[in-house]
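> next input, structure requested:
(2 chains, ligands or ions: 5)
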Amino acid sequence: MAVTSNNQSRRQFLLDMAKTACGVGVFGLGLGLYTRQARALPPTAIRPPGALAEADFQGACIRCGMCVRDCPYNILELARPEDDLATGTPYFVARKIPCEMCEDIPCVKACPTGALDHQLTDINKAKMGLAALVDQETCLNFLGLRCDVCYRVCPAIDKAITLERTHNVRTAKHTMFLPTVHSEYCTGCGKCEKSCVLDVAAIKVFPVQLAKGELGKHYRLGWEEKKKAGESLVAPEIEHQYNLPEGFKYEQGPGLSGEAVAPHAAPAAPSGAPRALHGDKL
Amino acid sequence: MSPNGKIGADAVLAKGWLGAHKWLLLRRVSQLGILALFLIGPWAGIWIVKGNLAYSLTLDTLPLADPYVLLQSLLAGHVAEKLALVGVAIVIGFYALAGGRAYCAWACPVNMVTDLAASLRRRFGIKGGARFSRATRYWILAMTLVLAAASGAIAWEMLNPVSMLHRGLIFGMGTAWAVILAVFLFDLFVSPDGWCGHLCPVGAFYSLIGKTSLVRVKAAQRSACNDCMDCFVVCPEPQVIKPALKGAGKGIGPVITASNCTNCGRCIDVCSKQVFGFGLRFNNKVADNAPRGETAALGNRP
Ligand code: SF4
Ligand code: SF4
Ligand code: SF4
Ligand code: SF4
Ligand code: SF4
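Numbers count the residues shown, from 1 in each chain, chains lettered A, B, ... in the order given. Ligands and ions are numbered 1, 2, ... in the order given. As a prediction, the model looks like this:
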């Protein structure tokens, strides 16, 4: 009988093992899916300088908090379980407290794993995120007023952010200074977002993958290609032909027809009254 | 069991209260001391140790890193910087000597939580509950490693109660307390020694590191055992005691060689007959302590 009971207990053992393995497997699957989800970094959470791409970062960061400790401005935090990003990983919220872009980048130096890439030695090359002027309806500069605060606080002023001048159509006699971010130089430090004077910032820093568009891989910009090749790629370069009805002229500017263009005819103001009374306030 | 039914009462009579709680007290000093070293920085600005149990830097020179977390990181496809690897080597070296699961008994903060659950269980006589295999932890360990490789993320850290508690105490708890409470209630009502003894993959990993560790508990005076069973009751891994304590007749030496012994020393504390003591894995001769002598010829067990 010993044989049967041995067989039985072996069968029981295998059954128990299979049960455990299945249970653990299902549990693992759930955890795996959950981890997948946490990979979508929420837009407000910005990683410290030098952080690897999000997917790599989650395999590299051991959640030790050394970066948090060595940041002299205490801007970094470790995500708590209830936060929307991988538990224990470091982040900061620009609107709360932005990165001061320390020259010696102590957070990167402190990272024992290289989850913050030690290759980053020039903080101006950091890509924590990318600023974007997301609301043109409330940005004071877009309203034609002068605020410029985001522009002036930017550590890479005139490189990462510039004021592009355009005509103010509403007043017809002023210039608008539109804050414009240049991805090549923006480090994503978040100082602009932090200091935007509005109740809710019109300029915000997002993780790069959220803020940055991407041209189709096949896309070529004619003028760039021309510059690269040193000559037009269409040979011979064809002169544009205009086939306009007799007496008509292109008014779009001198670029096309080469001819001087008559100034755009302003809609005739109702006679007599000064301009200011017709809604053209400053 | 001791005459008045209280575990360890005989030991208190025989050795005095201090003598019967020596290793428990030392262990609490170690657990709280380690925690204090981590906390004194953020709380008082005295930076002796920075970081947490995943990685720490002591006095800006000594790196210590958790090999289990770094193994997951490696499987996820990332090779850490040198300092972390040095830290791993130091930690593995230490626990390979001191007994892998000494980590569980002497360093891990969750141990205090599960110890509390276990002692309440004993005090209020909460019996029974779900029982499942102690091998489950190895399945979970394997699962976490496979998951790290498959997902490219250190997925287990999303809900590892061990790092959540330690990190939470040092960097801010958030809702991590709920996870710890769950572990506590699980041990108290659902499964005796459920977390540390059956599920925790961290403990499983350290038990593998300590497979051949030097420091071991030894039932050196096992012939004096009066079968009070107190050691079995207090031990979080009672299955490890039997071979060493009762195996003389089967030719098994007195050293507790099972790597799941946590080297907590509670068995030493609660034994009124001074059967147990710390020792080295060598000198595991059956003859040492088997006055009957008949099994001496079987010699050393590895
Ligand atoms: S660069 Fe300086 S301020 Fe910015 S996160 Fe690193 S340590 Fe903190
Ligand atoms: S120091 Fe590196 S590994 Fe540690 S929390 Fe910061 S990024 Fe993660
Ligand atoms: S985030 Fe804003 S302040 Fe910082 S570099 Fe970019 S544009 Fe400048
Ligand atoms: S600080 Fe805000 S409101 Fe002012 S210019 Fe910049 S984005 Fe516009
Ligand atoms: S055998 Fe003794 S030292 Fe080992 S776990 Fe049990 S009580 Fe602790």
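> stretch A:201-215 and ligand 1 in contact?
No - on the criterion C-beta under 6 Å from any ligand atom, stretch A:201-215 is out of touch with ligand 1, staying 12.7 Å away. (Glycine included, C-beta is placed from N, CA and C.)
> tell me which residues are up against that stretch.
If you take C-beta atoms under 8 Å, 6 or more residues apart in numbering or on different chains as the criterion, stretch A:201-215 is touched by A:41, A:43, A:45-47, A:54, A:94-95, A:98, A:127-136, A:138-140, A:142, A:150, A:179, A:181, A:183, A:188-190, A:192-194, A:196.
> that stretch and ligand 3, are they touching?
Yes - Stretch A:201-215 reaches ligand 3 (C-beta under 6 Å from any ligand atom) through A:V205.
> quick one: mean pLDDT over stretch B:153-165.
What stretch B:153-165 shows for mean pLDDT is 89.
> end to end, how far does that stretch reach?
End-to-end span of stretch B:153-165 (C-alpha to C-alpha, to the nearest Å): 20 Å.
> do it and chain A meet at all?
Yes - under the criterion of C-beta under 8 Å from any C-beta of the partner chain, chain A is reached by stretch B:153-165 at B:A153, B:I154, B:A155, B:W156, B:E157, B:M158, B:L159, B:S163, B:M164.
> also stretch B:78-92?
Yes - judged by C-beta under 8 Å from any C-beta, stretch B:78-92 and chain A are in contact via B:H78, B:V79, B:A80, B:E81, B:L83, B:A84, B:G87.
> next: stretch B:114-131.
No - Stretch B:114-131 lies out of reach of chain A by C-beta under 8 Å from any C-beta, never closer than 10.9 Å.
> distance to A:E103 and pLDDT added to the residues of stretch B:78-92 next to chain A, as JSON lines?
Output for those, formatted as JSON lines (distance: C-beta to C-beta, whole Å; pLDDT from 0 to 100):
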{"residue": "B:H78", "distance to A:E103": "27", "pLDDT": "86"}
{"residue": "B:V79", "distance to A:E103": "28", "pLDDT": "87"}
{"residue": "B:A80", "distance to A:E103": "25", "pLDDT": "84"}
{"residue": "B:E81", "distance to A:E103": "21", "pLDDT": "85"}
{"residue": "B:L83", "distance to A:E103": "22", "pLDDT": "88"}
{"residue": "B:A84", "distance to A:E103": "25", "pLDDT": "90"}
{"residue": "B:G87", "distance to A:E103": "28", "pLDDT": "91"}
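> weed out the non-buried ones from those.
Burial by neighbour count, judged by 16 or more other C-beta atoms under 10 Å in any protein chain shown, picks out B:H78, B:A80, B:E81, B:L83, B:A84, B:G87 from the residues of stretch B:78-92 next to chain A.
> and the gap between the fourth one and ligand 3?
With distances defined as C-beta to the nearest ligand atom, to the nearest Å, the gap from B:L83 to ligand 3 amounts to 30 Å.
> report the buried residues of the longest helix along chain A.
Criterion DSSP state H: the longest helix present in chain A is helix A:2-38. The neighbour-count check on helix A:2-38 (16+ other C-beta under 10 Å) flags A:T20, A:V24, A:G28, A:L31, A:G32, A:T35, A:A38 as buried.
> which pLDDT value belongs to the closest residue in space to A:M66 that isn't next to it in sequence?
In space, and not counting its chain neighbours, A:M66 is closest to A:A110: 4.2 Å by C-beta to C-beta, 6 or more residues apart in numbering or on different chains. Turning to A:A110, the model gives it a pLDDT of 93.
> how about the residues of chain B that lie near ligand 5?
So far as C-beta under 6 Å from any ligand atom goes, chain B lies against ligand 5 at B:217, B:234-237, B:240-241, B:256, B:261-267.
> if you set the cut-off to 5 Å instead, what comes out?
Applying C-beta under 5 Å from any ligand atom, we find that chain B lies next to ligand 5 at B:V217, B:C235, B:E237, B:C261, B:T262, B:C264, B:R266, B:C267.
> for the last one, give me phi and psi.
Summarising the backbone geometry of B:C267 under the convention degrees, to the nearest 10, its torsions are phi -60, psi -30.
> and it, how many neighbours?
26 (other C-beta atoms under 10 Å in any protein chain shown).
> doesn't B:V233 make contact with it?
No - contact criterion C-beta atoms under 8 Å: B:C267 and B:V233 do not qualify, at 10.0 Å.
> so can I have TSV of the residues of stretch B:78-92 next to chain A showing secondary structure and distance to ligand 1?
Below are those laid out as TSV (DSSP: H, G, I helix; E, B strand; the rest coil; distance: C-beta to the nearest ligand atom, whole Å):
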residue	secondary structure	distance to ligand 1
B:H78	coil	20
B:V79	coil	23
B:A80	coil	19
B:E81	coil	17
B:L83	helix	18
B:A84	helix	19
B:G87	helix	22
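> for B:P63, state which of those is nearest.
B:G87 (3.6 Å; C-beta to C-beta).
> the residue lying closest to the closest one once chain neighbours are set aside: what's it in contact with?
The shortest distance from B:G87 to any non-neighbouring residue, by C-beta to C-beta, 6+ apart, is to B:A65 (3.2 Å). By C-beta under 8 Å, 6+ apart, the contact set of B:A65 is A:I62, A:P112, B:A54, B:Y55, B:S56, B:A80, B:A84, B:L85, B:G87, B:V88, B:V91.
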